[in-house]
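[1] When you get a sec, could you give me coordinates for this:
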Amino acid sequence: MASYIARRLAWLPLHLLLVTFFTFSIARFGPGDPVSVAAGQFRDPQVLERVRAERGLDGSLVEQYVRWVNRAVRGDFGQSFLQQGYSVGELIRGKILVSAQLGFISLLIVFGLGIPLGLLAARASGSWIDPLVISVLLFMQALPVLVVIPPLLWLFALRLDILPTGGWDGLVDIYWIRGVVAVPIPDPHLYLPLFVLSLPGFASIARLVRVTALEVLREDYVRTARAKGLSEYTVALKHVLPNSLLPIVTVIGFALTGILGGAFFTETLLGIPGIGRFTFEAVRSRDYDVILALTVIVSAAFVLVNLVAEIAYAFIDPRVRLGAESTT
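    Numbering: from 1, shown residues only. Modelled structure (predicted):
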C-alpha cells in the first residue's frame, strides 16, 4: 500500500506541469498579454517592453513558462497585475480559508443528509415514499445555482428580512439573551450559501446510495442474515450500510468539484470574499498570475482528495487492498 501511495504521489508533479502549461499557453495566446491588460490606455512600447522583461514575459513561450515554474516551486506565484503591490499568495491566502470553511461544511451536509435519504428511499422501495423522495431529489438536483439564489434572496432577505443579502462574517455569531447570556450560534451569513452549495450535492449522493442499497438488499448474504433471525436494524447497520457506502468514497472528489463549481456563482452573487469569487474576478480581468496560481491549487487539491478517497476505499474494501498489494 505504501508503494502504491508513493506511485500516485509521484504523478502529482507531472499532472500539475501539464495542467499549468496548458493554462499558461492559453493565457499567452489569448487576446492581449498581461502587461497590456495592466497598462490600460498607456501604450509606450519601450516602457511595456521593460515591464515585460522585469516580469519574465519576454522570450518564447517555453522560456516564459520555465521562469514561472522556477518561481512557483519556491512558492513565488508572482505579483497581481491589477492589484499592484500585492503578491498572489497574499491575495489568495485569506480567500482560501473562507472557501475551505464553506466547502467543508457543505461536504458534511451533502453526505450527512444524502446517505440517510438514500437509505430511506431504498428501504421504502415499492411504497409511495420511494418515488416521492426520488422526485424531490431529481427536482433539487436539476436546479441551477443561478436560478435558486434570486428567489431565496427575495424571500428570506427582502420579504421576511430574517437573513442578510450577502457578505461574510465568519462561522459563529453571538446571540444575547436579554443582554446577559451569550449563546454562540451559526452566523446568519452561512445559511443561504450552505443551502445553495449543498442542494444538488446531497440529492446526487442520495440517489447513488439508493441504487447501491437496492443492489445490496438483493445479495445472498443479506438474505442469509435475515434467515438467521437478525433484526432489520442489525442487517441494515452491519451489512447494507457498509456495502452501500463503498461507491460513495469514490465520488468524494466529484462532490468537492461540484461544490467548487457552485462556489464561483454562489460567492459572486452573495458577495462572499472566497476563492470562487476571486477566481471569477481574476478570469474576467485577465489577471494571469492569479489564474495560474489558482489552477495549481485547485488541481493539486483535486488530485490529493481523489488519492485520499482511493486509499480510504482500499481500507474499506479488502479486495482493493489485496489487489494493490499483489501489483507491488
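
[2] how about the longest helix seen in the chain: buried residues?
    The helix spanning the most residues in the chain, taking DSSP state H as the definition, is helix 88-123. Using 16 or more other Cβ atoms under 10 Å as the burial criterion, the residues of helix 88-123 that qualify are 88, 91-92, 95-96, 98-99, 102-103, 105-107, 109-111, 113-115, 117-123. Backbone N, C-alpha and C define where each C-beta goes, glycine included.

[3] can you give me the helices for the stretch 51-200 of the chain?
    Using DSSP state H, counting those that start in this stretch, the helices of the stretch 51-200 of the chain run over 61-72, 88-123, 129-142, 145-152, 191-217.

[4] low pLDDT regions in the protein?
    For the chain, the stretches flagged by pLDDT under 70 are 1, 4-5, 8, 30-48, 51-52, 54-57, 82, 253-254, 313-328.

[5] how does it divide into domains?
    1-81+286-304+314-328, 92-285 (automatic domain parsing).

[6] thought Ile174 was touching Pro184?
    Yes. Between Ile174 and Pro184 a contact is recorded at 6.1 Å, counting by Cβ atoms under 8 Å.

[7] Among the helices of the stretch 51-200 of the chain, single out whichever gets nearest to Glu281.
    Judged by Cβ to Cβ, the one of these that comes nearest to Glu281 is helix 88-123, at 10.4 Å.

[8] who does that closest one touch, helix- and strand-wise?
    helix 129-142, helix 191-217, helix 241-244, helix 252-270, helix 275-285, helix 288-316 (3 or more Cβ pairs under 8 Å, 6 or more residues apart in numbering; DSSP states H and E).

[9] ok now that helix, how far from the chain's centre?
    7 Å (Cα atoms, centre = their mean, to the nearest Å).

[10] by how many degrees do that helix and helix 61-72 diverge?
    90 degrees (axes from the mean of the first three to the mean of the last three Cα atoms, to 10 degrees).

[11] now stretch 131-150: how far from the chain's centre is it?
    Worked out by Cα atoms, centre = their mean, stretch 131-150 lies 19 Å from the chain centre.

[12] ok, back up a step: tell me which of the helices of the stretch 51-200 of the chain lies nearest to Phe278.
    It's helix 88-123; of the helices of the stretch 51-200 of the chain, that one is closest to Phe278 (Cβ to Cβ) at 4.8 Å.

[13] any idea of the angle the closest one forms with helix 288-316?
    Using the same axes, to 10 degrees: helix 88-123 against helix 288-316 is 40 degrees.

[14] before we move on, back to that, highest mean neighbour count out of the domains of the chain?
    domain 92-285 (a mean of 16; mean count of other Cβ atoms under 10 Å).

[15] which residues does Leu163 contact?
    156-157, 188, 191-192 (Cβ atoms under 8 Å, 6 or more residues apart in numbering).

[16] what residues are up against Ser25?
    61, 65.

[17] One more pass at 7 Å, please.
    With contact set as Cβ atoms under 7 Å, 6 or more residues apart in numbering, Ser25 has these partners: Leu61.

[18] ok, it to Leu120 distance?
    Distance, Ser25 to Leu120, using Cβ to Cβ, to the nearest Å: 49 Å.

[19] Likewise for Ala282?
    Taking Cβ to Cβ, one finds Ala282 at 42 Å from Leu120.

[20] Same check on Gly262?
    25 Å.

[21] likewise Gly103?
    Distance from Gly103 to Leu120, by Cβ to Cβ: 26 Å.

[22] just Leu256 next, same as before
    Applying Cβ to Cβ to Leu256 and Leu120 gives a distance of 25 Å.

[23] Same check on Phe264?
    Applying Cβ to Cβ to Phe264 and Leu120 gives a distance of 32 Å.

[24] do Ile149 as well
    For Ile149, the distance to Leu120 - Cβ to Cβ - is 28 Å.
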